[in-house]
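> structure, please.
(one chain, ligands or ions: 1)
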Amino acid sequence: MNFRDQINTEKLPRHVAIIMDGNGRWAKQRGKIRIFGHENGVTAVRDTVEAAAELGVEFITLYAFSTENWNRPKAEVDALMSLLVKSLNKETATLNKNNIKLLAIGDIESLQPDTRRELQKAIANTAQNTRTNLVLALSYSSRWEITKMTRELAQQVAQGTLNPSQITEQTISQHLSTHHIPDPELLIRTSGEQRISNFLLWQIAYSELFFCHKLWPDFGKEDFFRAIVDYQKRERRFGKTSEQISN
Ligand code: FPP
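Purely as a prediction, here's the structure:
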């Protein structure tokens, strides 16, 4: 039986987050430059988003560009940005056809003006869609987000509009860039690396982690379905005992 048929559609995660890793190694294995890997990564993005929409997963978040990625060679950064603009341009019609709404989290102000413009255009052009939300994490990192949130709350305390004793976990969640998005139940990372790399640190407190050995350009629909099947076999206890959960 294939993985798609093993999925219990009544017990889908609402939100799946993905660290797309291994584009550079995929290109190197073929004697090509890194951007060749990123270009081929776009196919995996398309397949994965399509798989999520087909199942009816409500949110899929892709770590497309981290705050730290700005430190890569300029040629790679420029190529990644132009690939993003090109993909947004090309895929908006497909997003609309599949009823997928595009959202973005991260330091969007730090993107180059043409990238920002294309992103905002694609967001506006898909705003009416309702099946699946595709969230692109762009110039994103958790430490950036947590620093920003802390500054905002400190400012409110300094102005006298927030009492420190009133700060709850909810206050913090509401000041993160994911304030409108539920926490992911499942986090997938490709390429065999087993780390979080500054991604959604607050939000993944109770997420199930799934590490896949395939390099990102080789990741396809069945790999996504396999991760969901694996997730559905796990017992999520949220600090309680197994008996409490089964009762
Ligand atoms: C990680 O592989 C991948 C990235 C930093 C960028 C991901 C971008 C894409 C898949 C293309 C465009 C995205 C969209 C949403 C259209 P790596 O370069 O770190 O690989 P390595 O670890 O093998 O060096």
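> look up how far the ligand lies from the residue nearest in space to the middle of the chain.
With distances taken as C-alpha atoms, centre = their mean, Thr61 lies nearest the centre of the chain, 2.3 Å away. Relative to the ligand, Thr61 is positioned 11 Å away (C-beta to the nearest ligand atom, to the nearest Å). All C-beta spots, glycine's among them, are computed from the backbone N, C-alpha and C.
> contacts only, for that residue.
15-18, 105, 135-137, 181, 184, 200 (C-beta atoms under 8 Å, 6 or more residues apart in numbering).
> what does Glu91 give?
Residues near Glu91 by C-beta under 8 Å, 6+ apart: 46, 122.
> ok, now Glu39?
Residues near Glu39 by C-beta under 8 Å, 6+ apart: Leu83.
> could you redo the last one with a cut-off of 10 Å?
Contact analysis of Glu39 by C-beta atoms under 10 Å, 6 or more residues apart in numbering lists 23, 27, 32, 79, 83, 86-87, 217.
> same check, this time on Ala93
When contacts are counted by C-beta under 10 Å, 6+ apart, Ala93 touches 125-126.
> phi, psi of Phe65?
In terms of degrees, to the nearest 10, the main-chain angles of Phe65 are phi -160, psi 120.
> can you pull the buried residues of the longest helix that the chain contains?
Longest helix of the chain, by residue count under DSSP state H: helix 74-97. For helix 74-97, a neighbour-count test (16 or more other C-beta atoms under 10 Å) marks 79-81, 83-85, 87-88, 91-92, 95-96 as buried.
> could you pull out the strands for the protein?
15-19, 59-66, 100-105, 132-140, 186-189, 208-211 (DSSP state E).
> most tightly packed of those?
strand 15-19 (a mean of 26; mean count of other C-beta atoms under 10 Å).
> quick one, that strand and strand 59-66 angle?
20 degrees (axes from the mean of the first three to the mean of the last three C-alpha atoms, to 10 degrees).
> re earlier: is any residue of the longest helix of the chain near the ligand?
Yes. Legend: contact between helix 74-97 and the ligand by C-beta under 6 Å from any ligand atom is shown at 83-84, 87.
> follow-up on the earlier one: possible to save the strands of the chain as a markdown table with mean pLDDT?
Converted to a markdown table, those look like this (pLDDT from 0 to 100):
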| stretch | mean pLDDT |
| --- | --- |
| strand 15-19 | 98 |
| strand 59-66 | 98 |
| strand 100-105 | 98 |
| strand 132-140 | 98 |
| strand 186-189 | 98 |
| strand 208-211 | 98 |
